[in-house]
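>>> my questions concern the predicted model and sequence given below.
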Amino acid sequence: MLNISKEKITHLIDIEKYRSLSLLEKRKSSRVLLRLIIGSFGLFIIFLFLPWTQNIRSQGVVTTIKPEQRPQTIQSIISGRIEKWYVQEGDFVKKGDTVLFISEVLNEFLDPNLLERTEDQLKAKEGSVYSYMEKIKALDDQIDALLKTSVLKFRQTENKLEQAELMVISDSINYEAAIIEYNIAKTQYTRMQQLYKDGLKSLTDLENRNQTMQKAQAEMVSKKNRMLTSKNQVINADVERISIEAQYSEKISMAESEKYTALSNMYDAEATVTNLQNQFANYTLRTGMYFITAPQNGYITQAIQSGIGESINAGTAIVSIMPATYDLAIEMYIKPIDLPLLEKGQHVRIQFDGWPAIVFSGWPNTSYGTYGGTVFAIDNFISNNGLYRVLVSQDKNDYPWPEALRVGAGTKNMLLLKDVSIWYEIWRNINGFPPDYYKTTNSSQK
């Protein structure tokens, strides 16, 4: 039956009597197998020429486009102790609503009358500044009066000096006249003596002339004395002028010194007033920080600090809040080798965790349960994980994203690239080549 021998005995056997042998001899399995192989090879060739959409697959998380729409914590600017809660987890709060109330824990702020006492100190220092200002005005008036008086006194002494100098001139002239009169009287007396000796004049005439000479001499001495007195008055007037000038200069200098001292004290008081004003403003603002309020509309998600009487430091996170309104986005990371293939406006297919989907990697149009997105931001600096961060926003021309989607949900993303044949994609992956680089139509038009 194995047909090893060239001698055939099939004609000696009635095959119809043996059903199994009859079916085995009539089999066509070899031709069916050949047809299957040829058909499968044909289908494979046809399959190789089918279109395939190149893509970059990456996982990501749901986030928001704007930073202020992301989850945040509410912190206290000052240190304090929790006294009362006004919200609980899950509550919706509006911007400005009170979350909790805290009290002071620092010794320098425990005084209940701190604002009133600081305000009193401020008013006292402001009064001190006003007093110094008035003192400066009074010293200015005093300096002006001294200046005017010194000018008048200086003029007075100048006039007195001038009068004394004129008196010296007058007395000098009188003294010169007295000298002339004495010389004349002396000459006449000498002549009278000669005449007396000659017997032409009597002794009485000689004695009269001697008396006249003595009077002229006495008058000359008197005039000289008056002239010296006048010169002494000139010296006294000059000394008085210098003394008055020095006296008023000293008074004006003392007044100016007091004025500058008052100015220095006034500036110190003004600096103290400024510091007190700053303290008063800080204390006033601090009293408004005891009530921790919500920075925006949102939901209280978690109370990080809890209890009553618990102390918190400045900058400590108290509760976390999720904004009520936000624009969702996808945060994903790609390899550096794929970065040149990306550009803003590029289409992305997204599969959200928790939403059923049927995904065909190379045929995104035939996938079910995926949503569209577009690339709107690409980081220019590599992240700590060695990948580049890409943000994807919702594609307005595609199906809207699920309303129940929340920030932090996981995603699987496909960045769609060029359409190629399957054989080319197999050849590219075997050789380890990256996907083809190309520009989208929108970017080319831009």
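Yep, that arrived.
>>> next SSE downstream of the helix or strand Y299 falls within?
Take DSSP states H and E as the rule and Y299 turns out to sit in strand 298-303. Where DSSP H and E defines the elements, the next helix or strand beyond strand 298-303 is strand 311-312.
>>> partner strands of that next one, parallel or antiparallel?
Here strand 311-312 is paired, per DSSP bridges, with strand 80-85 (antiparallel).
>>> so, low pLDDT: which residues of the protein?
1-32, 52-54, 357-369, 417-422, 425, 432-446 (pLDDT under 70).
>>> give me that answer again for 80
For the chain, the stretches flagged by pLDDT under 80 are 1-35, 44, 46-57, 107-112, 196, 199-203, 205-206, 337-342, 354-369, 415-446.
>>> run through the helices of it in chain order.
19-25, 29-48, 114-197, 203-287, 422-431, 441-445 (DSSP state H).
>>> please name whichever of these is nearest to Y388.
helix 441-445 (18.5 Å; C-beta to C-beta). Glycine gets a C-beta too; all of them are placed from N, C-alpha and C.
>>> for E68, which of the helices of the chain is the nearest?
Nearest of those (C-beta to C-beta): helix 203-287, 23.4 Å.
>>> how close does S150 sit to I292?
When C-beta to C-beta, to the nearest Å is the yardstick, S150 and I292 sit 69 Å from each other.
>>> how about L122?
Applying C-beta to C-beta to L122 and I292 gives a distance of 29 Å.
>>> the two: which is more packed in?
Neighbour totals were compared for L122 and I292, and I292 leads with 24 against 18 (other C-beta atoms under 10 Å).
>>> note down every partner strand of the strand holding Y299 and its orientation.
Strand 298-303 has these strand partners (DSSP bridges): strand 92-93 (antiparallel), strand 317-323 (antiparallel).
>>> just say which of these is most tucked in.
Greatest average neighbour count among the strands paired with strand 298-303 goes to strand 317-323 (a mean of 19), per mean count of other C-beta atoms under 10 Å.
>>> how about the strands paired with strand 298-303 in CSV, adding distance to V375?
Formatted as CSV, the strands paired with strand 298-303 follow (distance: least, C-beta to C-beta, whole Å):
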stretch, distance to V375
strand 92-93, 33
strand 317-323, 24
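>>> between those, which one is nearest to Y189?
Counting by C-beta to C-beta, Y189 lies closest to strand 317-323 out of the strands paired with strand 298-303; the figure is 128.7 Å.
>>> can you list contacts of that closest one?
The contact list for strand 317-323, computed with C-beta atoms under 8 Å, 6 or more residues apart in numbering, reads 64, 68-76, 87, 93, 99-100, 292, 294-305, 312, 407.
>>> can you flag the buried ones in the residues you listed?
64, 69, 71-72, 74-76, 87, 93, 99-100, 292, 294-295, 298-300, 303, 312, 407 (16 or more other C-beta atoms under 10 Å).
>>> returning to what we had before: quick one: which of the strands paired with strand 298-303 is nearest N159?
Taking C-beta to C-beta, strand 317-323 is the member of the strands paired with strand 298-303 nearest to N159, at 87.3 Å.
>>> how about the CA coordinates for that closest one, as PDB?
Taking C-alpha atoms only, strand 317-323 is exported to PDB below (Å, rounded to 0.1, in the frame of the first residue of the first chain):
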ATOM      1  CA  ALA A 317      -1.000  73.100  53.700                       C
ATOM      2  CA  ILE A 318      -4.300  72.900  55.500                       C
ATOM      3  CA  VAL A 319      -6.900  71.600  52.900                       C
ATOM      4  CA  SER A 320      -6.800  70.700  49.300                       C
ATOM      5  CA  ILE A 321      -9.300  72.100  46.800                       C
ATOM      6  CA  MET A 322     -10.300  71.200  43.300                       C
ATOM      7  CA  PRO A 323     -11.500  74.100  41.100                       C
END
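>>> shouldn't T301 be in contact with Q72?
No. The pair T301 / Q72 is not scored as a contact, 10.0 Å apart, by C-beta atoms under 8 Å.
>>> what's the longest strand in the protein?
Criterion DSSP state E: the longest strand present in the chain is strand 51-64.
>>> show me what that strand is packed up against.
strand 328-334, strand 388-394, strand 410-421, helix 422-431 (3 or more C-beta pairs under 8 Å, 6 or more residues apart in numbering; DSSP states H and E).
>>> one step back: what's the closest of the strands paired with strand 298-303 to S58?
The closest of the strands paired with strand 298-303 to S58 is strand 317-323. By C-beta to C-beta, the value is 25.5 Å.
>>> can you give the distance of that closest one from its chain's centre?
Centroid separation for strand 317-323 versus its chain: 27 Å, with C-alpha atoms, centre = their mean, to the nearest Å.
>>> now the angle from it to strand 51-64?
130 degrees (axes from the mean of the first three to the mean of the last three C-alpha atoms, to 10 degrees).
>>> tally of neighbours for the nearest residue to L139 once chain neighbours are set aside?
Spatially, and ignoring its direct neighbours in sequence, L139 is nearest to K259 (4.1 Å; C-beta to C-beta, 6 or more residues apart in numbering). K259 is flanked by 18 other residues according to other C-beta under 10 Å.
>>> I'd like to know how far K259 sits from V392.
From K259 across to V392, the span is 74 Å (C-beta to C-beta).
>>> now do the domain split for this protein, please.
What automatic domain parsing lists as the domains of the chain is 52-66+326-445, 71-104+290-323, 114-281.
>>> ends of the last one, how far apart?
Taking C-alpha to C-alpha, to the nearest Å, the span from the opening residue of domain 114-281 to its closing residue is 12 Å.
>>> test my guess that P336 contacts L387.
Yes. Contact criterion C-beta under 8 Å: P336 and L387 qualify, at 7.4 Å.
>>> re earlier: which of the helices of the chain sits closest to L106?
Smallest distance to L106 across the helices of the chain (C-beta to C-beta): 9.9 Å, for helix 203-287.
>>> tilt between the closest one and helix 114-197?
Using the same axes, to 10 degrees: helix 203-287 against helix 114-197 is 170 degrees.
>>> same for helix 203-287, what does it pack against?
Looks like helix 203-287 contacts helix 114-197 (3+ C-beta pairs under 8 Å, 6+ apart).
>>> could you list every helix and strand in contact with the helix it packs on?
So helix 114-197, by 3+ C-beta pairs under 8 Å, 6+ apart, packs with helix 203-287.
>>> any idea how far stretch 203-210 is from the chain center?
In this view, stretch 203-210 has its centroid 115 Å away from the chain centroid, taken as C-alpha atoms, centre = their mean.
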